[in-house]
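[1] turn this into a structure:
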Amino acid sequence: MLEISGLEWAVTIGVIVALLALDLVLGWLRPHRVGFTEATAWSVFYIAIAIVFGLVFATMHGWDFGTQYFTGYIVEKSLSVDNLFVFVVIMTTFAVPEEHQHKVLTFGIVLALIMRAIFIAVGATLLNLFSFMFLVFGLLLLWTAVQLYRHKDEDPDIEDNMVVRGARRLFPVTEEYHGGKLFTRDNGRRVATPMFIVLVSIGGIDLLFALDSIPAVFGVTQEAFIVFTANAFALLGLRALFFLVKGLLDRLVYLSAGLAVILGFIGVKLILHWLHVDISPAVPEIPTMVSLVVILGILAIVTVASLIKTKGDPTATAHAGSLRARKERPEQRD
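    Residues are numbered from 1 along each chain as shown. Take a look at the predicted model:
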């Protein structure tokens with residue numbers, strides 16, 4: 001059982017909040033187009049921070065827990081790349097000006113962290129109270145894996161998102177951006193700008209991703225501290241990673257299929273754990289180290305296969321994947 005003191009929690013949360021505040025301040029006070037060099041520097045910085053934290057954590061609490069952290073971090077980092085696909089779809093759909101994309105992503109990451117913190121607390125409580133929740137989480141991941149694989153060649157329909165539709169019904173929305181403002185006045189009445197709808201879209205999508213990523217990382221570890229830190233450090237690097245790889249995302253044509261396999265694998269791992277605990281100790285479990293090797297292997301195969309595919313077929317384009325078929329609109333019909 002992992003024992004984390006109140007001081008460790010406070011210091012960890014303080015570091016995460018400080019990094020978020022730094023990102024938020026930079027995006028708010030100095031909106032600009034983020035270039036390749038800057039994105040590379042920030043990506044290296046956030047990955048280094050995550051690695052240093054993992055090494056310190058493993059030194060303090062043992063390499064068994066350290067392996068769980070690094071495995072959870074890799075799972076969340078790989079799933080966060082799929083987030084990037086959806087962010088690209090959102091930015092393109094709403095034509096977000098490049099100088100404001102930094103701010104949008106930072107707010108999106110803040111929203112994601114808040115929602116995932118809530119899901120982690122709820123998930124950890126449910127797992128402690130009801131062991132059959134491992135079966136529920138496992139089945140949820142298997143269902144998600146099947147749906148993602150079925151619709152791996154599609155992108156989510158942002159405008160059909162329930163949260164976005166609700167926001168459009170509540171607020172009139174202007175056609176043009178007004179700098180980085182979320183609301184403005186039009187003929188004396190307060191109206192929302194497209195920037196507000198963009199943030200709502202990212203928040204709604206983050207909510208859906210949290211429903212998948214939290215059960216996935218609980219399949220690696222049941223320690224709430226590890227689940228939280230793996231999610232937090234993976235998300236903190238998301239903003240820089242977006243600007244670094246958004247031009248390369250189209251080449252990862254097999255990523256959605258690979259993520260579907262990873263989610264399915266973790267779903268099976270959770271179900272085996274439930275069978276081992278509640279049904280019979282004779283049922284084998286999948287060790288964390290094996291999970292780490294399998295996940296890294298799947299990601300390596302997916303990446304190499306994608307690059308080979310796009311090199312041989314330059315017209316091949318990657319998609320974010322969706323949990324349901326894209327709804328056909330009247331203007332899309334022949």
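
[2] and the gap between Asp157 and Gly204?
    Between Asp157 and Gly204 the computed distance is 12 Å (CB to CB, to the nearest Å). Any C-beta I mention is one placed from the backbone N, CA and C, and that applies to glycine too.

[3] ok, these two, which is more surrounded?
    Summary of the neighbour comparison: Asp157 and Gly204, criterion other CB atoms under 10 Å, with Gly204 having more neighbours (21 against 17).

[4] would you confirm that that one contacts Val164?
    Yes. With contact taken as CB atoms under 8 Å, Gly204 and Val164 are classed as touching, separated by 6.2 Å.

[5] okay, and the residue sitting nearest the centre point of the chain sits in which element?
    In the chain, the C-alpha nearest the mean C-alpha coordinate belongs to Ser80, at 3.5 Å (CA atoms, centre = their mean). According to DSSP states H and E, Ser80 maps onto helix 63-93.

[6] what helices or strands is the helix or strand following that helix leaning on?
    Once helix 63-93 ends, the next helix or strand along the chain (criterion: DSSP H and E) is helix 98-129. In this structure, helix 98-129 packs against helix 6-29, helix 63-93, helix 133-150, helix 194-218, helix 224-236, helix 238-245, with contacts taken as 3 or more CB pairs under 8 Å, 6 or more residues apart in numbering; DSSP states H and E.

[7] let's see it at 6 Å
    With contacts taken as 3 or more CB pairs under 6 Å, 6 or more residues apart in numbering; DSSP states H and E, helix 98-129 sits against helix 6-29, helix 194-218, helix 224-236, helix 238-245.

[8] show the average pLDDT along the shortest one.
    Within the predicted structure, the mean pLDDT of helix 238-245 is 75.

[9] and the helix or strand following that helix, what does it pack onto?
    Past helix 238-245, further along toward the C-terminus, the next helix or strand under DSSP H and E is helix 255-274. Other elements packing on helix 255-274 under the criterion 3+ CB pairs under 6 Å, 6+ apart are helix 133-150, helix 288-312.

[10] what angle do helix 255-274 and helix 98-129 make?
    Counting by axes from the mean of the first three to the mean of the last three CA atoms, to 10 degrees, helix 255-274 lies at 20 degrees to helix 98-129.

[11] next, format the helices and strands packed on helix 255-274 as TSV and append distance to Thr40.
    Shown next, in TSV, are the helices and strands packed on helix 255-274 (distance: least, CB to CB, whole Å):
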stretch	distance to Thr40
helix 133-150	30
helix 288-312	18
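
[12] out of these, nearest to Ala18?
    Among the helices and strands packed on helix 255-274, the nearest to Ala18 by CB to CB is helix 288-312 (29.1 Å).

[13] now do the buried residues in that closest one.
    With burial defined by 16 or more other CB atoms under 10 Å, the residues of helix 288-312 counted as buried are Thr288, Ser291, Leu292, Val294, Ile295, Ile298, Leu299, Val302, Ser306, Lys309, Thr310.

[14] surely the third one and Gly72 touch.
    No. Look at Leu292 against Gly72 with CB atoms under 6 Å: they stay out of range, at 9.6 Å.

[15] buried ones in the helix holding Ser80?
    In helix 63-93, the ones that count as buried by 16+ other CB under 10 Å are 65-91, 93.

[16] look up phi and psi at Asp186.
    Summarising the backbone geometry of Asp186 under the convention degrees, to the nearest 10, its torsions are phi -130, psi 110.

[17] I misspoke; the intended subject was Thr184.
    phi -150, psi -180.

[18] from Ser80, how far off is it?
    With the distance defined as CB to CB, Thr184 ends up 32 Å from Ser80.

[19] what does Ile298 give?
    The spacing between Ile298 and Ser80, counted by CB to CB, is 16 Å.

[20] could you do Ile16 as well?
    Ile16 sits 15 Å away from Ser80, taking CB to CB as the criterion.

[21] same check, this time on Leu259
    10 Å.

[22] go on, Ala192?
    Here the criterion is CB to CB. By it, Ala192 lies 28 Å from Ser80.

[23] for Ile51, which of the helices and strands packed on helix 255-274 is the nearest?
    With CB to CB as the measure, helix 288-312 is the member of those nearest Ile51 (14.5 Å).

[24] what angle separates the closest one from helix 63-93?
    With the same axes, to 10 degrees defining the directions, helix 288-312 sits at 30 degrees from helix 63-93.

[25] so how far is helix 288-312 from its chain's centroid?
    Using CA atoms, centre = their mean, to the nearest Å, we find the averaged C-alpha position of helix 288-312 to lie 18 Å away from the chain's own average C-alpha position.

[26] any weak-confidence spans in the stretch 201-334 of the chain?
    246-248, 320, 323-334 (pLDDT under 70).

[27] now with 50, please.
    330-334 (pLDDT under 50).

[28] which parts of stretch 206-220 are buried?
    Going by neighbour count (16+ other CB under 10 Å), the buried part of stretch 206-220 is 206-210, 212-220.

[29] any chance of those residues in CSV, plus distance to Ser5?
    Rendered in CSV, the data for these read as follows (distance: CB to CB, whole Å):
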residue, distance to Ser5
Asp206, 30
Leu207, 31
Leu208, 34
Phe209, 31
Ala210, 27
Asp212, 31
Ser213, 27
Ile214, 24
Pro215, 27
Ala216, 27
Val217, 22
Phe218, 22
Gly219, 26
Val220, 23
